[in-house]
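Trainee: structure, please.
(chains A and B)
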Protein chains: 2
Amino acid sequence: MHTLTKQPTSFLDAITGPAELKQLSVEDLQKLAGEIRHEIVSSLSRTGGHLASNLGIVEITLALHRVFNTPQDQILWDVGHQAYVHKMLTGRRNRFDTLRQFKGLSGFVTPVESEHDAFVAGHSSTSVSLAVGMAIARDHLQQDHKVIAVIGDGGLTGGMALEAINHLGHIQKNVLIVLNDNEMSISENTGGLALYMKRIKETFFYRDIKEKLDSIEGSLDKVQLTAGIWDMILEVKKQAKERFDTPGIVFEKLGINYSGPVDGHDVDAVVQAFEAVKDKSAPQIVHLITCKGKGYQPAEDDSIKYHGVPAFSLEPQLSEKVEASATKTKPKTYSDIFTQALIDLAKEEPNLVAITPATAEGSGLVKFGKAYPDRFFDVAICEQHAVTMAAGMAKSGLKPVVSIYSTFLQRAMDQVIHDVAILNLPVVFGVDRGGLVEDGETHQGVFDIAYLRSVPNFTVLAPKDAQELRDMVYTAVKECKGPVAIRFPRDKAVGATTDGAEQTADFNLIDPASWEVLQPAQLDGNAKSKPPVILAYGAMVDVTRQALELVKSEQRPVLVNARSAKPLDTNLLSGFIRDGYDTFITVEEGCLAGGFGAAVLEWMSTSGQEIADGLPRVLPIAIPDQFVEHGARAILLDLNGLSKEKIAQRIEKVLAKHS
Amino acid sequence: MHTLTKQPTSFLDAITGPAELKQLSVEDLQKLAGEIRHEIVSSLSRTGGHLASNLGIVEITLALHRVFNTPQDQILWDVGHQAYVHKMLTGRRNRFDTLRQFKGLSGFVTPVESEHDAFVAGHSSTSVSLAVGMAIARDHLQQDHKVIAVIGDGGLTGGMALEAINHLGHIQKNVLIVLNDNEMSISENTGGLALYMKRIKETFFYRDIKEKLDSIEGSLDKVQLTAGIWDMILEVKKQAKERFDTPGIVFEKLGINYSGPVDGHDVDAVVQAFEAVKDKSAPQIVHLITCKGKGYQPAEDDSIKYHGVPAFSLEPQLSEKVEASATKTKPKTYSDIFTQALIDLAKEEPNLVAITPATAEGSGLVKFGKAYPDRFFDVAICEQHAVTMAAGMAKSGLKPVVSIYSTFLQRAMDQVIHDVAILNLPVVFGVDRGGLVEDGETHQGVFDIAYLRSVPNFTVLAPKDAQELRDMVYTAVKECKGPVAIRFPRDKAVGATTDGAEQTADFNLIDPASWEVLQPAQLDGNAKSKPPVILAYGAMVDVTRQALELVKSEQRPVLVNARSAKPLDTNLLSGFIRDGYDTFITVEEGCLAGGFGAAVLEWMSTSGQEIADGLPRVLPIAIPDQFVEHGARAILLDLNGLSKEKIAQRIEKVLAKHS
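Mentor: The predicted structure follows:
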């Protein structure tokens, strides 16, 4: 069923751009869909990537390019990770082997890559807002083209998509919303709207109410009625029919014309549905039912597992490499350690609850959900609601832990300030993907240190290794009286074993306001001054430790695990200054502007220089002021000066000035 | 009709807490409503405050406290500015003369003030999320009380409220949503949902479909039908009735049981509506129709004008002061200047469009809307949608200007990064209320410099006076190739005349990356070193100029208008360092953590100290790491070290060390 031996790709080979699609018959399109599906599985088996969502949208993509004309017509792919087929059809097929690799094809859409990509995407629920903006621009500039938002049912749970639909219903611009409904966000979908759409689907072929009406009408013909009564019956029938025949009544009520549901894997039906709305000027939503992972049985069976796949993780027969790696247990990630800590802690903390906005799998939290289903809340793609709901829980006596990716927490910045921090509520944030990730610009978790540190009442921690992450979770839940963020990268955890035995062994209380001196100074008798003090934050502690092994110098810097970016350990800093240390190097995996280094600079500029004889120097090593592209984490760290080699070079430079 | 002579308050005088309400008859409650209304108008005429919304919610508040029992039952007041009646009924009546004054009653709800305030509020659309969180906590802790979210139709347009309703529909917790529907957010309401609710109201007493069905049924009785047909007719009637009788079908479809609409000024009806749902365990929404400004004719006629009123601005007969100030033209604010600049510029920029999320009045942008209705977009309370829509517009060739308050832009942090900055789109942000405002913790616009500065591609400007604001708007729209934020406080504009003639006279292009030396150094021959250089940002330029007039010292500091926090004018800074200046003082109306001072520190720590002989000192003057309470702007500035007196003291201290 999912053999991946070489298959013919005669139709796909003939496609150099969307124009050729218009020449194919519907039967040939359906064949082309099969070829594309095979190519996706075969390609992702080598590169990794978003599998299930792309298999689900093959026919929809074909139909879109068949009926509409990009780049004149603008297609906005919500989230953007389901646009692989679109990329194949718009001249990027021959670069698929470079997918998600450094300088290769992006795993998301971006106009930098192709004129057929109308906008950048990576986060969910933005497409309808963009479409409304572009439609207003089109009409203002008196242009004539279609603006199309392609959004999943998961994306619809995001508040900003609902804001945009609400606005579109009001201003009635010519926008087509293509709703790709597979009953999934990243994990399982949540929400009244999802249940509602499920009910729509239950009436997919169920037209019995209409049939009943017809039957009544037929029967009534036989009896004698006055004309007035007959009119009334017709009127009632008309009005009832309007309602019974409108599965999309919620959308209709909001001012968006609804059509569907349509089988999203029937190319012919999808093409017809698009043709039917193509020339309408009022806003339209076409509701298409699809199956995530369609055509590749393992992905159909478990689309959550196959949402994103790493390279060489598909069927064993694909590659010898898989066989080898499959037998080896995977190293534990910080996400794994975080989740395990919550599970262990939940035993003794009956009021601990965990919240995630649709990232239960990515964050590993799904395991917590299995262990404590009643204390686990996956709210779907609702970052704002997730955070404010947690604030309500904390105010009412629970101990909420929000597991959220660094970039997604940007969606809830106001809720962090307004609902959590003002009342100084004890909400714990597990800030996952804090740092550089392979996904590119939209997913780089580099702003959290800066934006969380500026919020009063916050504690902003980052662990140096697996055990410290456990201890931070424990301390935050047990002791902290206000909000605590614990940020960690998407990476294997330092010090974690593959079976994780010792991580579950114990919990230790730590003092968040105290740092840890890992390597004291080794003074060189000839040196004019004390060596620099390196203040490393989070995952950079271990990288800096490795960097110091590369540094060739007799004068050995002090290495500090500066585990809290807020508050700073000002006692330790004051002590260093009193002892004559005059140079500090901060190392963090976050943006330079306003980050941990800036925190140390701010303190030095006020309190620090009051103590100092001379003015202490601070050299921040951090991510420069630019968006970081996609590629392997190791490459990106090096590019941004955060590999052990680059950090070693910076340290050597400072040492050279010193000695 | 709105005479404000002393009225009897016998019922109100008898109320010391919610318990007494339960003793009153419905007729007495209605009389009490009248007394409360009079007291509100009379009180706000002295203190200023949110008038129209509080007049509109008198009966609802009475009914809530009649039927439910705070503080056991938790009432979450969305936005919180409509809780004056609630405050009066919960022991705070005698402090109403201190409303919104420093150390006086807050203009919003806060648990710090009363146990009857279940949470803090100030921003819109948070109440349902909080209620969901609190209901989950209640059930988990096996408590037994009601959780009630009171939200306006305006608040419902906010995406996070829709996220929360969607989630509530899914988890079916016992939450009561009281929808106070007055067809208004702050300005006029927008959205398909608003239009839909309008249609519900049109059928308020219109039950003719039901009547028609009854009539058919009656007629059919008279003719002979088979039993089968008769059953079918009953079935159709039942199903049709369910739908026709459900004006709240959208809510019902989302899983929230709907009742209403009910006249929100009929205490008896509202009490009955609450009684009817009080003991239900599934989520309920009660839809109440109210009139903003109810009972005070000028506010009923123009609830937008009377949304918030300054002290002594009500009817002339209230106070002699009003007579005097009414004849004087008000000084122009930065908001006025900003709007006028847009209006003037729109003449020559046909693709300039303005966007506001429901703050058209507060920002003065309503004037732009009147001048250019087709190029004005009030999207309602939808900050996220507003920003991403603007990104779509910019990508498609328009020149969008988003007018938004500093604290509300926090709602769209991710959209700023993900949708505007990654593609470096030329969206101009007029960041209003950037700085301290009298409204308190929830509204302090102190984080924007820090969070915008950390975003790559951004230019972050602040004008020193009215003319510079005009020039910045002009330059940003005409020349800038990427996103530009222009932030200004809620205050009268420096250099603006009351008639504003010269501000409309011209526009000048400025170089955003260059600062302006306003006062060069005056060297004291005896001084050991050069005087400090003061880098003042935005509104702090004028305050610092005044501070320098107070400084008693022969050595005169340099004063620089550092109009751009990003980019910095590194040429000017380098020049100062080369010329031997070694001390810099930054002054900004924003948080210390990560702000403008931090930007200068970051640059000094890297590039600056490469140039310097010794290490330059930087002393940042900014808002300390704490939330700032409510009170007059002048008081708050002084409290936070940003009055001219406090700045002068800091400068004198630095000078004392120097000389």
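Trainee: is A:Phe96 in a helix, a strand, or coil?
Mentor: helix (DSSP: H, G, I helix; E, B strand; the rest coil).
Trainee: so it touches A:Thr47, yeah?
Mentor: Yes - applying CB atoms under 8 Å as the test, A:Phe96 and A:Thr47 come out as touching, 7.2 Å apart. The C-beta positions use only the backbone N, C-alpha and C, and glycine is treated the same way.
Trainee: partner strands of the lengthiest strand in chain A and their direction?
Mentor: Using DSSP state E to assign secondary structure, the strand with the most residues in chain A is strand A:583-591. Note on strand A:583-591: by DSSP bridges, its sheet partners are strand A:533-536 (parallel), strand A:617-623 (parallel).
Trainee: can you redo those strands as TSV with mean pLDDT and mean neighbour count?
Mentor: Below are the strands paired with strand A:583-591 laid out as TSV (pLDDT from 0 to 100; neighbours: other CB atoms under 10 Å in any protein chain shown):
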stretch	mean pLDDT	mean neighbour count
strand A:533-536	98	29
strand A:617-623	96	24
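Trainee: let me have those in JSON lines, adding distance to A:Ala593 as columns.
Mentor: Supplementary listing: the strands paired with strand A:583-591 in JSON lines, determined by distance: least, CB to CB, whole Å:
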{"stretch": "strand A:533-536", "distance to A:Ala593": "18"}
{"stretch": "strand A:617-623", "distance to A:Ala593": "8"}
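Trainee: ranges for the helices of the stretch 51-200 of chain A?
Mentor: Taking DSSP state H, counting those that start in this stretch as the criterion, the stretch 51-200 of chain A contains helices spanning A:52-56, A:58-67, A:84-87, A:127-140, A:159-171, A:192-202.
Trainee: what packs against the shortest one?
Mentor: For helix A:84-87, the helices and strands in contact under the criterion 3 or more CB pairs under 8 Å, 6 or more residues apart in numbering or on different chains; DSSP states H and E are helix A:26-47, helix A:58-67.
Trainee: switch to 10 Å and redo it
Mentor: Where contact means 3 or more CB pairs under 10 Å, 6 or more residues apart in numbering or on different chains; DSSP states H and E, helix A:84-87 is packed against helix A:26-47, helix A:52-56, helix A:58-67, strand A:74-77.
Trainee: of all those, which lies closest to chain B?
Mentor: Of all the helices and strands packed on helix A:84-87, it is strand A:74-77 that lies closest to chain B, at 7.9 Å by CB to the nearest CB.
Trainee: could you see whether chain B lies near the closest one?
Mentor: Yes - with CB under 10 Å from any CB of the partner chain as the threshold, strand A:74-77 lies in contact with chain B, specifically through A:Gln74, A:Leu76.
Trainee: quick one: strands adjacent to that strand?
Mentor: Looking at strand A:74-77 with DSSP bridges, its partner strands are strand A:147-152 (parallel).
Trainee: who touches the residue nearest to A:Gly445 when sequence neighbours are not counted in this structure?
Mentor: On the basis of CB to CB, 6 or more residues apart in numbering or on different chains, the spatially nearest residue to A:Gly445 that is not a chain neighbour turns out to be A:Ser406, at 2.8 Å. Contacts were defined as CB atoms under 10 Å, 6 or more residues apart in numbering or on different chains; by that measure A:Ser406 touches A:429, A:431-435, A:437, A:443-449, A:451-452, A:485, A:487-490, A:590.
Trainee: low-confidence stretches in chain A?
Mentor: By pLDDT under 70, the weakly predicted segments of chain A are A:1-7, A:183-192, A:194-247, A:303, A:310-329, A:498-505, A:522-528, A:613, A:658-659.
Trainee: please parse it into its domains.
Mentor: Under the assignment named as automatic domain parsing, the residue ranges that make up the domains of chain A are A:10-203+A:247-309, A:207-246, A:334-504, A:516-658.
Trainee: let me see the ranges of the helices in the stretch 201-350 of chain A.
Mentor: For the stretch 201-350 of chain A, helices defined by DSSP H, counting those that start in this stretch occupy the ranges A:208-222, A:227-244, A:249-253, A:267-278, A:297-301, A:320-327, A:334-348.
Trainee: quick check, central residue of chain A?
Mentor: A:His123 (5.8 Å; CA atoms, centre = their mean).
Trainee: residue of the stretch 251-400 of chain A nearest chain B, please.
Mentor: A:Gly392 (2.6 Å).
Trainee: wait, a helix at that residue?
Mentor: Yes - with the criterion set as three-state DSSP, the secondary structure at A:Gly392 is a helix.
Trainee: burial count for it?
Mentor: A:Gly392 has 30 neighbouring residues, counting by other CB atoms under 10 Å in any protein chain shown.
Trainee: quick check: closest non-adjacent residue to it.
Mentor: On the basis of CB to CB, 6+ apart, the spatially nearest residue to A:Gly392 that is not a chain neighbour turns out to be B:Gly133, at 2.6 Å.
Trainee: the one you found and A:Val402 touch, don't they?
Mentor: No - between B:Gly133 and A:Val402 there is no contact under CB atoms under 10 Å: 11.0 Å.
Trainee: quick one: name the residues of the stretch 501-650 of chain A near chain B.
Mentor: Within the stretch 501-650 of chain A, the residues that sit near chain B (CB under 10 Å from any CB) are A:566-567, A:582, A:584, A:586, A:590-595, A:597-602, A:604-606, A:609, A:614-620, A:622-628.
Trainee: mind giving me JSON lines with the helices of the stretch 51-200 of chain A and columns for mean neighbour count?
Mentor: As requested, the helices of the stretch 51-200 of chain A are arranged in JSON lines below (neighbours: other CB atoms under 10 Å in any protein chain shown):
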{"stretch": "helix A:52-56", "mean neighbour count": "27"}
{"stretch": "helix A:58-67", "mean neighbour count": "26"}
{"stretch": "helix A:84-87", "mean neighbour count": "26"}
{"stretch": "helix A:127-140", "mean neighbour count": "27"}
{"stretch": "helix A:159-171", "mean neighbour count": "28"}
{"stretch": "helix A:192-202", "mean neighbour count": "19"}
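Trainee: tabulate these (a markdown table), appending distance to B:Glu39.
Mentor: As requested, the helices of the stretch 51-200 of chain A are exported to a markdown table (distance: least, CB to CB, whole Å):
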| stretch | distance to B:Glu39 |
| --- | --- |
| helix A:52-56 | 59 |
| helix A:58-67 | 61 |
| helix A:84-87 | 63 |
| helix A:127-140 | 43 |
| helix A:159-171 | 37 |
| helix A:192-202 | 40 |
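Trainee: figure out which of these is closest to A:Leu572.
Mentor: Nearest to A:Leu572 among the helices of the stretch 51-200 of chain A is helix A:159-171 (42.5 Å), distances taken as CB to CB.
Trainee: how far does the closest one sit from its chain's centre?
Mentor: Using CA atoms, centre = their mean, to the nearest Å, the mean C-alpha position of helix A:159-171 is found 22 Å from that of the whole chain.
Trainee: returning to what we had before: check the domains of chain A for me and report the most buried one.
Mentor: Per-residue neighbour counts averaged over each of the domains of chain A give the maximum for domain A:334-504, namely a mean of 24 (mean count of other CB atoms under 10 Å in any protein chain shown).
Trainee: so A:Thr544 is in contact with A:Val533, correct?
Mentor: No - checked against CB under 10 Å, the pair A:Thr544 and A:Val533 is beyond contact range at 11.6 Å.
Trainee: helices and strands around the helix or strand containing A:Ala599, which ones?
Mentor: A:Ala599 is located in helix A:596-603, with elements delineated by DSSP states H and E. Using 3+ CB pairs under 10 Å, 6+ apart as the contact criterion, the secondary-structure elements in contact with helix A:596-603 are helix A:448-453, strand A:533-536, strand A:564-566, helix A:570-578, strand A:583-591, strand A:617-623, helix B:596-603, strand B:617-623.
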